[in-house]
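Chemist: Dropping the sequence and predicted coords here.
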Amino acid sequence: MTIQEYISANRERFREEWASLIRIPSVSCQPEHHADMLRCAERWRELLLAAGAQHAEVMPSDGNPFVYAEYHVSDTAPTVLVYAHYDVMPVEPLDLWQSNPWEPDIRDGRLYARGADDDKGQAMIQAKAFEYLVHQNEMPCNVKFIFEGEEEIGSPSLSAFITKHRDLLRSDIILVSDTSMIGKDTPSITTGLRGLAYWEIEVTGPNRDLHSGHFGGAVKNPINALCEMLAKVVDENGKITIPHFYDDVLPIPEEERQMIAQIPFSQDRYNAAIDIPEAVGEAGYSTLERNSCRPSFDICGIWGGYTGEGSKTVLPSKAYAKVSCRLVANQDHEVISRAFADYMQQLAPRGVRVKVTPMHGGQGYVCPIDIPAYKAAEEGFTLAFGKRPLAARRGGSIPIISDFERILGQKTILMGFGLEQNAIHSPNESMDLEVWEKGVIAVTEFYRRFAKSFQAK
């Protein structure tokens with residue numbers, strides 16, 4: 001039986017099992033759903049066993065439990081570690097949903113519900129590709145599953161858990177379906193994610209707010225000082241001026257730049273969508289390269305002095321800003337964090353004191369497009385969608401992916417099947433059912449091709 005025939009024969013069962021997960025409101029950030037987290041983990045354990053796992057268990061952590069399952073073919077077969085998460089975002093505001101977020105509703109070729117895509121729907125793609133190969137006695141790889149229940153709150157327990165269970169989770173590649181494609185007719189594989197460094201800056205001048213008429217021109221204004229400092233962080237060519245900031249930034253491979261150039265993109269529509277006169281950034285790079293493959297610096301918030309109604313002629317005692325850098329693979333967020341703090345002290349003008357407080361950060365990630373596992377994923381997408389997927393880096397950050405590489409020593413293949421219109425985290429989240437089924441086909445083919453490439457070594 002082909003994978004297409006298997007999907008057709010089991011379509012209703014697949015959707016009901018998918019629904020059984022969605023009906024459990026596993027919202028990790030809301031304490032009232034604590035019991036639901038365990039219920040959802042237990043349900044995943046049952047589904048993975050039914051799909052063919054030889055062993056599955058719910059494992060405790062410092063937070064919500066993990067689900068671990070495995071299927072062993074042989075000691076000589078490659079091992080794939082599949083990661084997913086079973087927690088979801090809150091559903092509020094409820095009045096914006098067109099149907100019950102905890103009861104799947106199929107309309108217009110889509111399944112609507114919280115978790116339809118992120119990540120219960122995409123995790124189910126992995127489970128059903130696995131089920132097909134096991135039930136057909138065609139699974140060529142050892143497979144391990146690790147599903148967590150805290151991804152939507154920053155995965156606070158994940159790093160300690162995978163460090164503790166490093167031997168249990170040993171694999172030859174990590175496979176994740178929790179990202180998106182460029183479009184339904186433009187399949188793509190996410191090959192990079194930017195890292196992050198975030199700070200709060202406090203600039204202090206006099207010991208109290210002062211009358212600007214009595215003291216203006218004789219005392220340094222902290223807001224003026226802060227603006228002067230921040231204005232120097234990016235130069236006229238869009239380059240970040242922090243000393244040694246670019247030391248570890250790797251150039252974008254030419255093959256990847258060619259793929260980025262093939263992504264359907266209209267600069268005019270982009271500008272119009274966010275109502276800007278023109279897009280700007282680092283010289284020598286396109287908009288799509290700037291917002292995914294190159295680092296950036298942004299002032300996320302700035303405040304101080306009097307901002308109420310009317311006027312108040314005051315020279316403030318303090319000024320504040322929250323700022324961030326999106327980083328690229330090979331940049332260490334801790335190194336950049338220290339470099340920025342030092343740089344702010346260097347830029348501080350006389351008459352003020354500066355305090356820089358690191359808030360949080362994470363490493364970037366990039367997956368080479370010439371490794372066997374990427375080629376296997378590429379071939380899987382090509383078979384399922386009828387065209388070669390583009391390699392596409394994303395501008396956001398998923399710190400857990402770099403944690404996997406740092407702790408487990410393996411690359412991750414991001415075979416995501418989401419679409420922008422799926423509205424993850426928002427009311428009326430959905431999953432395109434045709435794309436979902438093609439995702440099952442693509443992952444099935446990934447296992448076959450990856451095993452062949454492994455044997456060919």
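Modeler: All right, it came through fine.
Chemist: rest of the way, CA atoms for contacts and neighbours
Modeler: Noted.
Chemist: any idea how far the residue nearest to residue 292 when sequence neighbours are not counted is from residue 227?
Modeler: Computed as Cα to Cα, 6 or more residues apart in numbering, the closest residue to residue 292 that is not its neighbour in sequence is residue 395, at 4.0 Å. Relative to residue 227, residue 395 is positioned 26 Å away (Cα to Cα, to the nearest Å).
Chemist: Over to residue 78?
Modeler: According to Cα to Cα, residue 78 stands 55 Å off from residue 227.
Chemist: Compare these two (neighbour count), which wins?
Modeler: residue 78 (22 against 13; other Cα atoms under 10 Å).
Chemist: How about that one, nearest residue that isn't a chain neighbour?
Modeler: residue 141 (5.3 Å).
Chemist: Also residue 282?
Modeler: Residue 282's closest residue in space is residue 238 (Cα to Cα, 6+ apart), at 4.0 Å.
Chemist: Check residue 153 too.
Modeler: Per Cα to Cα, 6+ apart, closest to residue 153 is residue 29, 6.3 Å.
Chemist: residue contacts, that neighbour?
Modeler: 89, 90, 152, 153 (Cα atoms under 8 Å, 6 or more residues apart in numbering).
Chemist: From residue 157, how far off is it?
Modeler: Residue 29 is 14 Å from residue 157, by Cα to Cα.
Chemist: ok, now residue 141?
Modeler: Counting by Cα to Cα, the gap from residue 141 to residue 157 is 28 Å.
Chemist: Could you do residue 86 as well?
Modeler: 14 Å.
Chemist: Look at those two and report which has more neighbours.
Modeler: Taking other Cα under 10 Å, residue 86 and residue 157 do not tie; residue 86 has more neighbours (29 against 18).
Chemist: What does the more buried one show for phi and psi?
Modeler: Reported as degrees, to the nearest 10, the phi and psi values for residue 86 are phi -110, psi 0.
Chemist: what do you get for residue 419?
Modeler: Residue 419 adopts backbone torsions of phi -130, psi 160, taken as degrees, to the nearest 10.
Chemist: Tell me who's in contact with it.
Modeler: Residue 419 touches 180, 181, 182, 183, 184, 431, counting by Cα under 8 Å, 6+ apart.
Chemist: Please narrow these to those residing in strands.
Modeler: residue 431 (DSSP state E).
Chemist: Buried among the contacts of residue 419? Need that as a selection in ChimeraX.
Modeler: Those of the contacts of residue 419 that count as buried under 16 or more other Cα atoms under 10 Å are selected in ChimeraX with:
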select :180,181,182,184,431
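Chemist: Going by distance to residue 193, which of the contacts of residue 419 wins?
Modeler: When the contacts of residue 419 are ranked by distance to residue 193 (Cα to Cα), residue 180 comes first, at 12.2 Å.
Chemist: picking up where we left off before, is the residue nearest to residue 153 part of a helix or strand, or is it coil?
Modeler: Per DSSP: H, G, I helix; E, B strand; the rest coil, the secondary structure class of residue 29 is coil.
Chemist: coming back round to it: next up, the contacts around the residue nearest to residue 282.
Modeler: 280, 281, 282, 283.
Chemist: again with residue 333
Modeler: 195, 196, 197, 327, 361, 362, 363.
Chemist: No more questions from me, cheers.
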